[in-house]
Structure formats: structure tokens, C-alpha cells
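Undergrad: My questions concern the predicted model and sequence given below.
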Amino acid sequence: MTLDATLQEIDQLCSEPHYDSFENVNRPVYDRIMDVYQQLRDSSGPVSMDLLESFSLIVLRFFDMLDRRVLGGTSVVASICASGTVAGRNYSFHHDIDALLRTSSLQTAPVHNWQETWKETRHRQSNTLKSYLEEPELFLTQISTEKDRSEAVAMMQFAATGLAGVEDTEDLPLWFIPPYQVQLGKHIADGSFGAVYEGEWLDTDVVVKQVLLASSDENGEQFRHEADLWFSLNHPNLIKLYGACHQGRPFFVCEPASRGTLASYLKDKDRRLIWFAISDVALGLQHLHDHGIIHGDLKGNNILVCDSSEGISTAKLADFGLSIATNQVGTPANDEYDTLGAFRWKAPECLLGGRPTFASDIYSLGMCIVEAITGQYPWGDTLPDSVVVRNVIENKSLPSLTRMCRYEPHCRIPIGAVINCALNLTAKTKS
């Protein structure tokens with residue numbers, strides 16, 4: 001898309017009904033961008049590439065912000081609660097344009113005197129929000145469904161936190177993130193649990209998991225329980241939960257895995273690094289077990305690799321305990337693991353219909369180790385699931401990790417022994 005076309009799209013987005021409530025903070029940014037564009041286009045001399053690139057980057061970032069899908073409803077309450085967040089995002093664009101003007105020969109037209117207007121707009125937004133919070137029933141009656149009202153109440157409670165002159169409200173969960181703070185990006189995957197997206201939360205890159213609640217959890221109590229549980233777990237080998245929203249369409253916001261799945265990360269890596277990563281995974285599983293939590297769905301694509309701020313790659317467990325997800329038949333799958341099925345990682349007793357246990361987690365971890373070391377799916381990718389199940393249950397065909405993958409659950413080694421084995425092999429294996 002050309003720069004001209006992008007600017008036209010921005011103009012249209014600023015005028016869309018969904019953005020009506022935010023036009024007084026979006027439009028001034030657009031007007032300033034257009035003034036700079038006119039100056040660049042009308043310039044009699046050559047325009048430096050650095051200046052043009054800096055300007056284009058501001059335009060593309062602003063377009064991306066407007067074009068991204070924002071979670072949450074479109075009620076008047078949602079718009080008022082979101083207004084401060086939108087204004088805050090635009091504050092950074094104003095400063096970027098200021099920097100562009102300072103470091104170039106561009107003229108400073110009246111349209112660039114934005115500070116006072118911005119302050120007045122924020123003052124009006126704050127007063128409007130305060131009036132909503134002081135008499136919420138006047139505005140909640142305008143919302144037709146109970147589900148939307150519950151979402152609006154939660155957002156108003158969040159907005160009231162720390163606002164001077166507003167009486168204390170019912171406490172929200174510590175992990176609560178209002179939908180308007182989250183912007184969805186690229187769609188990553190679908191599954192029986194819902195959908196996964198790349199996203200942005202307060203200028204932080206995140207992964208957003210929108211959840212389809214099970215029919216038995218219509219009021220979201222199980223979702224809240226899972227969020228409480230996940231948020232309380234703070235371990236370097238577990239994917240971190242930044243927060244969640246239990247209203248409207250529930251979602252989790254968690255850290256992204258910049259290095260992808262463990263299996264893909266370990267391709268062509270030396271054995272020492274492989275065993276070091278396996279010890280990471282085992283430490284994460286031990287933390288879950290120490291807190292009485294069974295993972296229940298250990299497989300290759302639930303072990304991810306993230307980079308720390310120091311640039312160190314760390315293996316982490318994901319998708320533990322998400323029992324709030326539905327188990328709908330026929331949900332579209334766009335993942336090789338979904339296509340193959342999770343049978344290849346499941347313990348025999350689970351294939352027979354038994355509930356997951358600590359011991360079945362050990363078996364599944366063993367299958368993940370087989371996958372990490374061989375670089376192939378357990379039992380290969382040519383055998384049908386039915387043959388895999390028959391081989392495991394009837395023929396008792398088991399992988400080479402016999403101490404972890406014994407047929408009888410009580411014969412499998414505990415997670416502490418797995419960690420010791422992995423650390424010993426890490427120390428003994430040469431790079």
C-alpha cells in the first residue's frame with residue numbers, strides 16, 4: 001500500500017462509527033501527519049531518506065494502531081473507559097512528530113500546538129468518566145444484555161481504581177485486564193479451546209488466547225479459578241500470565257514464545273543443549289506438581305522457548321490446566337499436532353479413558369523427550385492414530401525411555417528423578 005493510500009485509510013478509520021468516541025484524540029494526530037506530508041510533498045529541495053523513513057514509520061505505526069482489532073464491547077461505557085488508554089497511545093505519536101520537527105527543517109504550523117488541546121480533552125474525558133462512576137445505573141440501563149452489563153461493570157470498577165473522589169468499588173481480581181487495553185494482531189491458531197492471536201498490551205508484545213467456555217462454566221467461575229491459579233504461578237520454566245479478562249469473551253494475556261516450540265528450536269542443536277532444555281521443562285513440571293497441578297496435555301507444541309532480556313533461551317511449559325476449554329468435536333485445526341492427535345503423547349491409562357495424573361504427566365514428558373532427541377513425532381507421522389493406540393494398549397509397545405514410560409503408572413520414576421537424570425546427562429554430554 002502506498003503512502004497516499006495509507007493516509008486515506010487512516011482518514012477513513014478516524015471517521016468510522018467505532019472510533020467516533022475517540023475522534024477528538026485521533027484526528028489531531030492525523031491532522032499533524034497530513035501537515036508534515038504536505039510539507040514533504042511541496043518541498044522544493046531533496047528530502048533526506050532518513051526523514052522520509054522516520055515519517056513513514058510514524059504513519060505506519062498510527063495506521064497499525066487504528067487498524068488493529070480492539071477487544072471488548074462497543075457500548076458507550078466501554079468507549080468512555082477506553083478513552084484514556086487511546087489518548088495515552090496517541091500521546092507517544094505526538095512526541096514522535098515533535099521529534100521529527102525538531103530534527104528537520106520542517107515548519108511548525110499552528111496545527112502542531114497540540115499540548116493544551118490534549119490536556120483539555122483528557123480533562124473532559126476524566127470528568128465524563130467520573131460522572132459515569134458516580135451514577136453508573138443511569139448508563140448501565142442503556143445496555144441491553146446481562147453479559148454486556150457485567151462487562152461494563154467490570155470496566156467501570158477497573159477505571160475507578162485510584163480515581164480521586166470516587167468511592168471504593170468491589171475489588172476486581174489482581175489479574176484483570178480490561179478488553180480495551182488489548183489489541184489483536186496476527187491470528188496464530190484455532191483449537192477446541194478457542195483462538196490464539198499475537199497481540200499488544202500497553203505497548204508490550206503478548207499472546208492472546210480467547211477461550212470458548214465449556215457449557216458447564218457459563219458463569220465463568222472455572223475460568224476465574226484457572227486464572228487465579230495460573231497468575232499465582234511464578235516460575236522461569238512456565239509461560240507467564242500477564243493477566244486475563246473474565247467478562248464478555250474471556251481471554252488470557254501471556255508472554256510470547258519468540259523461539260517457537262521446543263522441537264523446532266532444538267533442530268540441529270547439540271545433545272548437551274537438548275538435555276539442558278529438557279531439564280528446564282522438567283523443572284517447570286516439578287513446580288506444577290509441587291503445587292498439586294497436573295498438566296494433563298503435555299505434548300511438543302505445549303513446550304515453548306522464550307528469550308530473556310539477557311538473550312538466554314529458556315524452555316517453558318504452556319497450556320497447563322486449561323480445563324475451562326470446551327471439547328467440541330469438529331473444531332477446525334490448523335496445527336500438525338491437532339492433525340496427528342495427542343494420542344502419541346498420552347499414557348496408556350489415559351488412552352483407556354482414565355483421568356490424567358502426575359504419573360501420566362511423567363509418561364507424556366517422556367514422549368516429549370523422545371520427540372526432542374529424535375526430531376520426529378512419537379511413533380512417526382505415518383501411522384494412523386488407531387494403530388498407535390492399539391500398539392500402546394494391546395501390544396504394550398513402549399518407547400525407549402522405559403523408566404518414565406512404564407506401562408503401570410506406579411512404576412514410573414518421579415519428576416525429581418527425571419530432573420537429576422537430565423542434569424547428569426547435561427553435565428556428561430560434550431557440546
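TA: Sure, I can see it.

Undergrad: per-residue confidence for P136?
TA: We have a pLDDT of 72 for P136.

Undergrad: List the residues that contact it.
TA: Going by C-beta atoms under 8 Å, 6 or more residues apart in numbering, P136 touches 153, 156. From N, CA and C alone the C-beta is placed, and that goes for glycine too.

Undergrad: If we use 6 Å, what do you get?
TA: Contact analysis of P136 by C-beta atoms under 6 Å, 6 or more residues apart in numbering lists M156.

Undergrad: what does W230 give?
TA: Residues near W230 by C-beta under 6 Å, 6+ apart: L241.

Undergrad: For it, pull up the helix or strand it's in.
TA: Element membership for W230 (DSSP states H and E) is helix 221-232.

Undergrad: next SSE after that helix?
TA: Per DSSP H and E, the helix or strand that comes after helix 221-232 is strand 241-245.

Undergrad: orientation of that next one relative to helix 221-232 in degrees?
TA: 160 degrees (axes from the mean of the first three to the mean of the last three C-alpha atoms, to 10 degrees).

Undergrad: Give me the helices and strands touching strand 241-245, please.
TA: Counting contacts by 3 or more C-beta pairs under 6 Å, 6 or more residues apart in numbering; DSSP states H and E, strand 241-245 is packed against helix 221-232, strand 251-254.

Undergrad: circling back to that earlier point, output the helix holding W230 in PDB with nothing but the alpha carbons.
TA: The C-alpha trace of helix 221-232 is given here as PDB (Å, rounded to 0.1, in the frame of the first residue of the first chain):
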ATOM      1  CA  GLU A 221     -16.300 -19.500  37.700                       C
ATOM      2  CA  GLN A 222     -14.000 -22.200  36.400                       C
ATOM      3  CA  PHE A 223     -12.300 -19.600  34.200                       C
ATOM      4  CA  ARG A 224     -11.600 -17.300  37.200                       C
ATOM      5  CA  HIS A 225     -10.300 -20.300  39.100                       C
ATOM      6  CA  GLU A 226      -7.900 -21.200  36.300                       C
ATOM      7  CA  ALA A 227      -6.800 -17.500  36.000                       C
ATOM      8  CA  ASP A 228      -6.200 -17.300  39.800                       C
ATOM      9  CA  LEU A 229      -4.100 -20.500  39.600                       C
ATOM     10  CA  TRP A 230      -2.000 -19.500  36.600                       C
ATOM     11  CA  PHE A 231      -1.400 -16.000  37.900                       C
ATOM     12  CA  SER A 232      -0.100 -17.300  41.200                       C
END
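
Undergrad: For that helix, buried residues please.
TA: For helix 221-232, the buried set under the neighbour-count rule, 16 or more other C-beta atoms under 10 Å, comprises 222-224, 226-227, 229-231.

Undergrad: The protein: strands as residue ranges?
TA: Under the criterion DSSP state E, strands of the chain are mapped to 69-70, 182-191, 194-201, 204-211, 241-245, 251-254, 303-307, 313-317.

Undergrad: Buried residues of the last one, list them for me.
TA: Which is strand 313-317. By neighbour count on 16+ other C-beta under 10 Å, the buried set for strand 313-317 is 313-317.

Undergrad: what's it packed up against?
TA: helix 271-290, strand 303-307.

Undergrad: angle of that strand against strand 303-307?
TA: 150 degrees.

Undergrad: by how many degrees do strand 313-317 and helix 271-290 diverge?
TA: 40 degrees.

Undergrad: Please apply the same query to the third one.
TA: The directions of strand 194-201 and helix 271-290 differ by 100 degrees, with the same axes, to 10 degrees as the criterion.

Undergrad: and the residue lying closest to I58 once chain neighbours are set aside, how many neighbours does it have?
TA: Closest residue to I58 apart from its sequence neighbours, by C-beta to C-beta, 6 or more residues apart in numbering: D96 at 5.2 Å. The number of residues packed around D96, counting by other C-beta atoms under 10 Å, is 16.

Undergrad: Let me see the contact set for E255.
TA: 239-240.

Undergrad: Who are the contact partners of F63?
TA: Applying C-beta under 6 Å, 6+ apart, we find F63 in contact with 6, 10.

Undergrad: And the pLDDT at it?
TA: 90.

Undergrad: give me the low-pLDDT residue ranges for the stretch 201-350 of the chain?
TA: Applying pLDDT under 70 to the stretch 201-350 of the chain picks out residues 214-219, 309, 321-341.

Undergrad: hmm, try it at 80
TA: 212-220, 248, 308-311, 320-341 (pLDDT under 80).
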